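S.K.: prediction below, plus the sequence it came from.
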Amino acid sequence: MPDPAGHETPESELDRRRFLALVRQALEGAIAGLDARDRLRLTLYYAQDMTLSAIGRVLGESEATSSRKLERTRVGLRAGVERRLREVDRLSDTQIAQCFDHARTDPAFDLARTMPPPEERAGG
């Protein structure tokens, strides 16, 4: 939390770093647990900036199907990340919300960098 002058205090900076590391680990684990097509769909959308229409062509599905499956994957990822943060890392609901807030606002937190390398995506 910022102090009255608006500067980050050392304790809050440590919490921010810890929460970012925890949410990154939880996200990596959740992504690793996806099937190969769902990982590929995420990579194409977030890391390759492909449109849903283009993703559908690559995966042999309609744009609407790509959209539905991407949304289902996002919802599942969020649930998996929250579950790990709560059950493994023992964070409270407030701390979990802080994790997501830090991930959303930290420019260094990039989903594209969380995706597995291409050779891992192609298999599976």
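M.R.: Structure's in. What do you need? Numbers count the residues shown, from 1 in each chain.

S.K.: which SSE is Leu14 in?
M.R.: Leu14 is part of helix 10-32 when elements are defined by DSSP states H and E.

S.K.: can you list the neighbours in contact with the lengthiest helix in the chain?
M.R.: For the chain, the helix with the greatest residue count under DSSP state H is helix 63-87. With Cβ atoms under 8 Å, 6 or more residues apart in numbering as the test, helix 63-87 has contacts from 22-23, 25-27, 29-31, 33-34, 38, 41-42, 45, 51-53, 55-56, 59, 61, 91, 93, 95-96, 99. C-betas here are computed from N, CA, C, even on glycine.

S.K.: may I see the buried residues of it?
M.R.: Ser66, Ser67, Lys69, Leu70, Thr73, Leu77, Gly80, Val81, Glu82, Arg84, Leu85 (16 or more other Cβ atoms under 10 Å).

S.K.: the helix or strand that that helix is followed by vs helix 63-87, what angle?
M.R.: Following helix 63-87 in sequence order, the next helix or strand is helix 93-105 (DSSP H and E). Here helix 93-105 runs at 130 degrees with respect to helix 63-87, directions being taken by axes from the mean of the first three to the mean of the last three Cα atoms, to 10 degrees.

S.K.: buried stuff in helix 93-105?
M.R.: Gln95, Ile96, Gln98, Cys99, His102, Ala103.

S.K.: same for it, what does it pack against?
M.R.: Judged by 3 or more Cβ pairs under 8 Å, 6 or more residues apart in numbering; DSSP states H and E, helix 93-105 is in contact with helix 10-32, helix 63-87.

S.K.: hang on, the earlier thing: reformat the buried residues of helix 93-105 as JSON lines; add pLDDT and distance to Phe109.
M.R.: Shown next, in JSON lines, are the buried residues of helix 93-105 (pLDDT from 0 to 100; distance: Cβ to Cβ, whole Å):
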{"residue": "Gln95", "pLDDT": "96", "distance to Phe109": "16"}
{"residue": "Ile96", "pLDDT": "97", "distance to Phe109": "15"}
{"residue": "Gln98", "pLDDT": "95", "distance to Phe109": "13"}
{"residue": "Cys99", "pLDDT": "96", "distance to Phe109": "10"}
{"residue": "His102", "pLDDT": "94", "distance to Phe109": "7"}
{"residue": "Ala103", "pLDDT": "94", "distance to Phe109": "5"}
